[in-house]
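1. What follows is a predicted structure for the sequence shown.
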Amino acid sequence: MSNPEHLRYSKEHEWVTPTADGVATVGITEYAANSLGDVVFAQLPEVGAAITAGDACGELESTKSVSDLYSPVSGEVTEVNEDVANDPSLVNSEPYEGGWLFRVRVAGEPDDLLTAAEYGEFSASE
């Protein structure tokens, strides 16, 4: 499993892009998507919602279970991926591309995110 080098990762298995104009994109990792199984429903945070790093902000339902979606950063949700809302299987087929979940205007810089190498070691130990 490869983890794109330009992303940062949380220990809850979310990824986040470096902020561009203060806005970051968030999704779940390939490891998380594989662990969940086939995602059949995505409850994403609402545009305008204030979210806090480490707190649940939605849910992903798969054929195996329902899992909380955690935000790796704090800020205000600026956009949700309607394609995923309409076709949750994108989370499995394209976790780092079309399967992104939401965008957030980041408040402050997150300090506990992992590099791709650190996340690879962390996920291998689980």
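-> Yep, that arrived.

2. Helix, strand, or coil at the residue nearest in space to the middle of the chain?
-> Nearest to the mean C-alpha position of the chain, by Cα atoms, centre = their mean, lies Gly27 at 2.5 Å. At Gly27 the chain is in strand, as set by DSSP: H, G, I helix; E, B strand; the rest coil.

3. That one contacts Trp15, correct?
-> Yes - counting by Cβ atoms under 8 Å, Trp15 is a contact partner of Gly27 at 5.5 Å. (Each C-beta comes from the backbone N, C-alpha and C, glycine too.)

4. got a list of what Leu101 touches?
-> Residues counted as contacts of Leu101 (Cβ atoms under 8 Å, 6 or more residues apart in numbering) are 26-28, 42, 44, 58, 69, 80-81, 84, 91.

5. Out of these, the closest to Ala20 would be?
-> Closest to Ala20 out of those is Val26 (13.1 Å), distances taken as Cβ to Cβ.

6. Settle this for me: the closest one is touching Phe102, isn't it.
-> Yes - with contact defined as Cβ under 8 Å, Val26 counts as touching Phe102 (5.5 Å).

7. Look up how far Glu79 lies from the residue nearest to the centre of the chain.
-> 13 Å (Cβ to Cβ, to the nearest Å).

8. now Ile51
-> Taking Cβ to Cβ, one finds Ile51 at 13 Å from Glu79.

9. repeat for Leu113
-> To Glu79, Leu113 is 20 Å away according to Cβ to Cβ.
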